[in-house]
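Student: Model the following, please.
(4 chains, ligands or ions: 4)
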Amino acid sequence: MAFDPIFQMEGIAKSYGGVRALEEARLAISTGRIHAVLGENGAGKSTLIKIMSGVVQPDAGTMRLDGQAVRFATPKAANEAGIFCIFQELSLIPDLSVADNIDLADPPRRFGLIDRRTQRRLAEEALAKAGAEDIHPLAQVRDLPLSRRQMVEIAKALARRPRILILDEATSALTAGDVARVFAVLKRLRAEGLALLYISHRMHEIEELADDCSVFRNGRHVASYAAGSKSGNEVVELMIGREYSHVFPPKPPLPQEGPVLEVQGLGWEDRLTDISFAARPGEILGLGGLDGQGQRELLLALFGVLRGVAGVVRINGHPVSIGGPRAAKSAPLPMALIPEDRKTEGLMLPMSVADNLTMPALDNLSQFGVIDRRREAAAIREMMDLLAIKAADPAIPVGALSGGNQQKVVIAKWLMLGPRIILLNDPTRGIDVGTKQEIYQLLRRLADAGSTILFYSTDYDELIGCCDRVLVMYDGMIVRELAGDEITEHALVSSAFSLPGKAEVAHG
Amino acid sequence: MSAPPTISPGSSPLSRSRFGTLLARIDRPVLAAFGCIILLLLVGSLYSSSFLSPDYLLQQLQVASFLGLIATGMMLVVLLGQIDLSVPWVVTVGGMMSTAAAGWGPLGEALAIPFGITCGAAIGLANGIGVAWLRVPSMIFTLGMNAVAQGLMVLRTGGFAPQDHATSAMHVLATGRHILSIPNALFVWAIVGAITIFLLRRTTFGRAIYAIGNRERAAYLSGLPTRRVIVLAFMASGGLSAFAGVLLAGYSTKAYQAMGDPYLLPAVAAVVLGGTSILGGRGSYLGTIAGVILITLLQSILSVMQMPEAGRQIIYGGVIIAMLLVYGRQKRQV
Amino acid sequence: MARIAGGDFRYRFAEHRGTLLAAAVFLAMFAIYGANHNAGFSTLVVTTAANKGVLLALVAMAQTLVVLTAGIDLSVGMIFVLANCLASQFVVGDALETGFGILIVLGAGLLCGALNGLIVIYGRLQPIVTTLATGAIFYGLALLLRPVPGGEINYDLADALTGDVFGVPASLLMLLGIVLVIWVPLRRSVTGRAIYAVGSAEAAAYMSGVAINRARFTAYLLSGLLAACGGLMLTFVTYSGEASAMIGGSYTLNAIAAVVIGGVSLYGGAGSAIGAIFGALVLRTIGDLLFVFDFDPLWQPLFQGVILLSAVTLGSLRLLRVRNRLDLFG
Amino acid sequence: EPDIVAGPGAEPECFAPWAQDTKYFKFAPKPGPYRIALANGFIGNTWRIQMIKTAKAYAEQPEVKAKLAEFKVVSTGEDLAAQLAAVDNFIAAGYDAIVVNAQNPAAFTPVIKRANKAGVVLVAFDNTLDSDEAINVNVDQKGLGIYWADWLIKNIPDGGKILEVRGVEGTSVDRDRHEGIQETLAASGKKWETVEVVGKWDDGTAQKVTADAVAVHKKFDGVTVQGGSTGTVRALMDAGHPFVPVGGETENGFRKLCGAHGGEGLKCASGGTGPAQVAVAIKTAIAALEGAVVPQSIRLPLATTEDPNFKDGENYYSDQSDNFFVGNAFPTCGINFTAQEIMGQSEQDQ
Ligand SMILES: Nc1ncnc2c1ncn2[C@@H]1O[C@H](COP(=O)(O)OP(=O)(O)OP(=O)(O)O)[C@@H](O)[C@H]1O
Ligand SMILES: Nc1ncnc2c1ncn2[C@@H]1O[C@H](COP(=O)(O)OP(=O)(O)OP(=O)(O)O)[C@@H](O)[C@H]1O
Ligand SMILES: [Mg+2]
Ligand SMILES: [Mg+2]
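Tutor: Ligands and ions are numbered 1, 2, ... in the order given. So this is what the prediction gives:
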């Protein structure tokens, strides 16, 4: 590249236990540019930047900052060198206030004690810089929704006046609106001469932002190129190392059977109001709209996790009242929920892949509470093959798999139950292009096999590509129903921002 | 194919070691604990060769059985990431209620043991409800239940159960040696232990315990009956503590106030020395067995060596720390 | 701006809810106590209550610091006892010797805390197990020091600190002093906030460049110091030292109860030592109620148990408000 | 404050002075009936509970009841500070006399001061106070040790190996009894080897450590046990250890065994002062309030019985709990409780 790099990595290698996360990795970034890092799940992107920011130590290789060789023993050291990172796993303290979090490491002091007033001011400035003035600096992070926290995370990094700013899938939890604001901020920072490193699985984001790109595969650096010099397909093929086409499987015409899942006047607290729709077998029904408009609550309500839900839910015409996941499993038609956060809700990370896979289906695999080892083993093998889960051995902890494979395990463990109604809560967050493709095709297969799928995604392309119908939600209500070729990015966005009054409310 | 819980891996979410190394690491605490047992006996034998004599060892195993029962219940609870501090007075409840039942004529005589255990399980039930339904941290709720149990015993008996003499059945169970002079108590522990191992490795209940211990939220969303499992675990703990109380009453042919006091901390220590993570979700019963024997031997040898209390306490604490430093350290986060 | 200001109050209140609740409960109970005492709120009655309340309050503060880091300290009671034995040995003679003796006692407390801290941080053992073991060690040392109860203390100092100043119990003033000198600065210092951060989310704190080990170490260090202050105070109250495992054990457990009643989260990261102090006073007042109400002695243990249980169960009323079952899990 | 006067005091046969030089107290006589309080500490063991029951039984006896306006009992648990606070509270609440079973004998100096200033009679028993400002009702702990040692010397003609089961370490009681035993044995001129284990006055613990000691040392010629005597003898029997002379406490269970196996060589000396000493303490308090002259330190007679004098229904009760402490007779003080009288006290009545 024309620009002489401010930061360089050469021959970086890192392995965890047996797993090689990185070998011979290199990277060079320059001021005033946004450098995108692409790669499948487990390609080593996070590891690379964890090394840059002192979270983990490389086994081999050199790093140069302004030409000088550097080594960061701790994140603190990296910070002092002006390198700041916004992590894929958030680094906020839930029990502290937003202001406390923003200057956690070195707050303004008077007489050695924290100066609350100044801290408050700095926090407000930082939030403003990140375009999140709506967040109260005294609010506890614990009480903020995920997307707000992500904004705090960004504000936190900006408050430290970084030279090099790294975003590791910092946008994967953000709403379209927030993403736009963040992009504006990033572009301003670039103009101010920062060096930015940007990791995302969202091609369109990268296309919009990046100046330079580096692609990683299996921990190796495979290519670096100026943005736009390669077609998306080439890129994706670089990433996944194989032919790549037909992202989304074709949508077959809907079978005209009666609805299996009917919801009428469903309400909960002030988060869900008068939700009514019906879903047919073989249908993939999307939930759209801005993040946090009640889509998650709707799924949880159907799964029986919420208390005091009003309205009627019919399955195969029978009204049901589901008191929790356990009841949902044994509903007239078994239900499954692929939860939002796989690390805390989907999996027991330290337990083996096998144990995780059989968790929901244990009752079916056991007699009088005694597990039938043979049937269990068979079921596990079947699922691992079906979803092509890449794990050296089903006995290794699921936490050792990369994001994509973890997500597959979450889905597989429910499929083992043979659910007929499947609720998905943004299942492709942080999943690489290739894995996504597999998941889309799996969903379609399940639908064709007669399952009903309720699919919430923060990602319009997905809704467009996968869903037969999309219910757009706003402020806890369904404000619009889109079917067939009505489902366009434009339609989704416009109705997502529309106010309840205007849009003609659609009832399934 | 599917990994038995005993080899479920480290508590750190980020641990990524492979199956082989895994086995090695997980077995280490157990091996180390058994190693320490041998070491302890050798050290003891320097003082007196009779520490290696079979009847001394059987004697220790007999006494260890009481602690063993309590530690079994404690382990189930610890695997859930909880703890049961109500042990001392639940043990006493077991002893006093069983002997009290013995006072109610031949029927009571017959039902003494089950009755004592049931009373313990009842307190365990209360603990379970407090933890699973009211969601009070077990650390504190069981503490309160312990106080309540004490209050009940002091009140119920005013110091003496009207009848606090153990039944012959209890006495035989605790002290008898019918099959090749192996203490019956040891058989009791062996049976309970075998059942526990089976529960933990082969049943949905065991799997659920490890799952909840690792992440209750995910276990709940997977449709596991988390509350029921928690309550059952606490009932088991209560019942087993009470059972130990029953045996202790049989051992000294009577129940008396505060007879459970010497058992709480040793039980926790035994479970942890056995390699069970106090945070829950990881541990094997084999380890607990080792821990129990270790603690019992340590106490006995120090006492027979006529080590003064002060020295005994210091060595006791020192040994626990030393052993855990050898194998009990959890991996650093991130 | 008005919106923010209005908001501010809401947030600040939420932050201190636990403490305020504990304080309210205490005041209510103590009012009942005084109202039913033959001697009413006479100076002697209040001073008596204060003296024994402060003892537990100090140990509860010590426990709080460790609990905030998401740990638990089963050795505070034993440090308390060890300090008591040391004080009954060294805190005697003229002002200079006495002052020197006090330094010895507090220094010992710091050492005990440091030992716990080092083992937990560098040995990477779980706090609960570590302190279970070190507790035994500290008790052994105490026993070496005081094979049988006895010893003495600077009586003038003792009388001064257990008496009253213009009707205000001196022990309360001492507690206030300790809070102002140790807790308040810590709460507002960087390290203090780091303690909360570590307890709330260790990994996140590490990633944010927080000095984790320093925070932990400070917590254990000060915990030892506060426990030692308690032991010192015990010596002033009893004029003597005793290596009693019973006392150590009961103070450790009561301190945990006090911490919970005081609104400190056993999961770490939330709560305040002030709350723990009120929690301790609540516990003590339970005992006092036995005195004014005529309970049959054999009913007293049950009564105390039931009250303790209800007190710690009070918190679960919030469950009634939980609408999303996922909120039930920590 | 009481006046220090010259002896002899009232009822010398009951209020026996500890030593020749023991000083005597005379409090200003107060008109009855009196408000008397018992400030107990720990309650969770058999001895303490029997003590409380005895105290109430004694307070119920007509001639005593007549003199009492109120008899209040508070147990403050392990915590010393709480017990001191209780005493202070009783002083503040204007009780006439306070009877204490101290958690720690050394700690009462300050409250004694306050009690004397307020003119409240303070009587300590069991764990007596290291102070000559308050009335102590003492058991001759060392004498008990001597008593046991003498019994062994008498019954083991030419010395041998003794198992000494000690009490709770760190208490003066344990220390005194231990010294009594050792000094006497040493003085006997015979050859003795003693093995010490710690039984903590708890049957279970005593039984366990005895069993261990026997498993390791195989054979002992004699045993002394400060408490948990029943457990110790049980352990000997379980281990099939031949019966040998035993010096033990006054637990009913111990005496039952002695009574049953005396013929087979289990030669027991059972001595101590049961919880009934609380009655003597109360009696002393009343006497002091009535202005009688009482010694500052009272020596309680030991209630002892040796083989072959164990008589069922007389000095032990085979129909009663093992946990019951028998030495409840102080004839010189006109105090003699049968088990029934004590057990008869139900919890409810106040
Ligand atoms: N702490 C760890 N212990 C063991 N293995 C790890 C650890 N962290 C990462 N790995 C492994 O290293 C490889 C690279 O992981 P990394 O998180 O860097 O991938 P990534 O490119 O960030 O994937 P994603 O897009 O899902 O974030 C993966 O195989 C992962 O399983
Ligand atoms: N340049 C491209 N050429 C062909 N297909 C692509 C291209 N970019 C993305 N896709 C496919 O379109 C889908 C959406 O693209 P993208 O990579 O943005 O993933 P995404 O849907 O944004 O995932 P995320 O949930 O991380 O935002 C992906 O699943 C991918 O398979
Ligand atoms: Mg990553
Ligand atoms: Mg990812």
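Student: now the strands for the stretch 201-334 of chain B?
Tutor: With DSSP state E, counting those that start in this stretch, there are no strands along the stretch 201-334 of chain B.
Student: Any idea which residue of it lies closest to ligand 2?
Tutor: residue B:221 (21.5 Å; C-beta to the nearest ligand atom). For glycine as for every other residue, the C-beta is placed from the backbone atoms N, C-alpha and C.
Student: wait, that residue sits on residue A:337?
Tutor: Yes. If you go by C-beta atoms under 8 Å, residue B:221 and residue A:337 touch, sitting 6.8 Å apart.
Student: Common neighbours of the two, please.
Tutor: residue A:325 (C-beta atoms under 8 Å, 6 or more residues apart in numbering or on different chains).
Student: center of the chain - which residue?
Tutor: This is for chain A. residue A:429 (2.5 Å; C-alpha atoms, centre = their mean).
Student: please go with chain D instead
Tutor: residue D:273 (4.0 Å).
Student: ok so, going back, skipping adjacent residues, who's closest to the residue nearest to the centre of chain A in space?
Tutor: Counting by C-beta to C-beta, 6 or more residues apart in numbering or on different chains, residue A:172 is the residue found nearest to residue A:429 once chain neighbours are left out, at 5.2 Å.
Student: Residue A:184 too?
Tutor: Closest to residue A:184 by C-beta to C-beta, 6+ apart is residue A:131, at 6.8 Å.
Student: ok so, going back, now do the same for the residue nearest to the centre of chain A: helix, strand or coil?
Tutor: At residue A:429, secondary structure determined by DSSP: H, G, I helix; E, B strand; the rest coil is coil.
Student: tell me the contacts of the residue nearest to residue A:429?
Tutor: Residue A:172 neighbours (C-beta under 8 Å, 6+ apart): A:88, A:200, A:201, A:202, A:429, A:430.
Student: From residue A:171, how far out is whichever residue of chain A sits closest to ligand 3?
Tutor: Going by C-beta to the ion, ligand 3 is nearest to residue A:46 of chain A, at 3.0 Å. Remark: distance between residue A:46 and residue A:171 (C-beta to C-beta, to the nearest Å) = 15 Å.
Student: host element of the residue nearest the centre of chain C?
Tutor: In chain C, the centroid-proximal residue (C-alpha atoms, centre = their mean) is residue C:60; its distance is 1.3 Å. Counting by DSSP states H and E, the element that carries residue C:60 is helix C:43-68.
Student: how far does that helix sit from the chain's center?
Tutor: Centre-to-centre, helix C:43-68 and its host chain are 6 Å apart (C-alpha atoms, centre = their mean, to the nearest Å).
Student: So which elements touch the helix or strand just after it?
Tutor: Using DSSP H and E, the next helix or strand after helix C:43-68 towards the C-terminus is helix C:76-90. Applying 3 or more C-beta pairs under 8 Å, 6 or more residues apart in numbering or on different chains; DSSP states H and E, we find helix C:76-90 packed against helix C:43-68, helix C:95-122, helix C:127-145, helix C:212-238, helix C:245-261.
Student: Next one: the second one, is it in contact with chain B?
Tutor: Yes. Under the criterion of C-beta under 8 Å from any C-beta of the partner chain, helix C:95-122 makes contact with chain B via residue C:119.
Student: Enumerate the positions of that helix that are buried.
Tutor: C:98, C:101-102, C:104-106, C:108-113, C:115-121 (16 or more other C-beta atoms under 10 Å in any protein chain shown).
Student: now swap in the shortest one and tell me
Tutor: Neighbour-count burial for helix C:245-261, counted by 16+ other C-beta under 10 Å, picks out C:245-261.
Student: Filter the residues you listed to keep only those in contact with chain B.
Tutor: Okay, of the buried residues of helix C:245-261 touching chain B (C-beta under 8 Å from any C-beta), that's C:253, C:256, C:257, C:260.
Student: just for the stretch 151-300 of chain B, where's the confidence low?
Tutor: For the stretch 151-300 of chain B, applying pLDDT under 70 flags the ranges B:157-162.
Student: Quick one: name the residues of it near chain C.
Tutor: Residues of the stretch 151-300 of chain B lying near chain C (C-beta under 8 Å from any C-beta): B:151-152, B:154-155, B:158, B:216-217, B:220-221, B:265, B:268-269, B:272, B:277-279.
Student: In helices, which of those residues appear?
Tutor: Cross-referencing these against helices under DSSP state H gives B:151, B:152, B:154, B:155, B:216, B:217, B:220, B:221, B:265, B:268, B:269, B:272.
Student: my guess is the fourth one meets residue C:299, correct?
Tutor: What that stands for is residue B:155. Yes. With contact defined as C-beta under 8 Å, residue B:155 counts as touching residue C:299 (6.1 Å).
Student: want to throw the helices and strands packed on helix C:76-90 into CSV with mean pLDDT?
Tutor: Formatted as CSV, the helices and strands packed on helix C:76-90 follow (pLDDT from 0 to 100):
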stretch, mean pLDDT
helix C:43-68, 94
helix C:95-122, 96
helix C:127-145, 94
helix C:212-238, 96
helix C:245-261, 92
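Student: No further queries at this time; thank you.
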